[in-house]
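K.L.:
Okay, sequence plus prediction incoming.
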Amino acid sequence: MYLKDAQIGRTYIVENISLPFQMERRLEALGMTRQTPVSVLNRKGKGILIIKLRGTRFALGYNITKNIEVKEGEPHA
């Protein structure tokens, strides 16, 4: 499944990121690497998400979330 389809209040594990090289490296620099847990805090329209990644909140647009493959992880508290 892709991050764009994620549901609020769930935690997902990043499996693959298929973005242009520079954008992928930027996300990695921010801490989004394979096997990283990502919690979905809110949705703002079609595929636009507010996520929590390594203790920091990020907003990601549809063009990014549609290219990040995730799998269901452990529920967060």
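P.N.:
In hand now; what should we look at? Residues are numbered from 1 along each chain as shown.
K.L.:
what comes up buried for the top helix by length along the chain?
P.N.:
Across the chain, the helix with the greatest residue count (assigned by DSSP state H) is helix 21-29. For helix 21-29, burial by neighbour count (16 or more other Cβ atoms under 10 Å) applies to 24, 27. (C-beta placed from N, C-alpha, C; glycine too.)
K.L.:
which residues are contacting that helix?
P.N.:
17, 18, 19, 64 (Cβ atoms under 8 Å, 6 or more residues apart in numbering).
K.L.:
Who is the first one paired with across the strands?
P.N.:
Which is residue 17. Counting by DSSP bridges, residue 17 forms beta bridges with residue 68.
K.L.:
wouldn't it be in contact with residue 66 here?
P.N.:
No - using Cβ atoms under 8 Å, residue 17 makes no contact with residue 66, being 11.4 Å away.
K.L.:
Looking at those two, which is more packed in?
P.N.:
Ranked by neighbour count (other Cβ atoms under 10 Å), residue 17 and residue 66 place residue 17 first, with 20 against 16.
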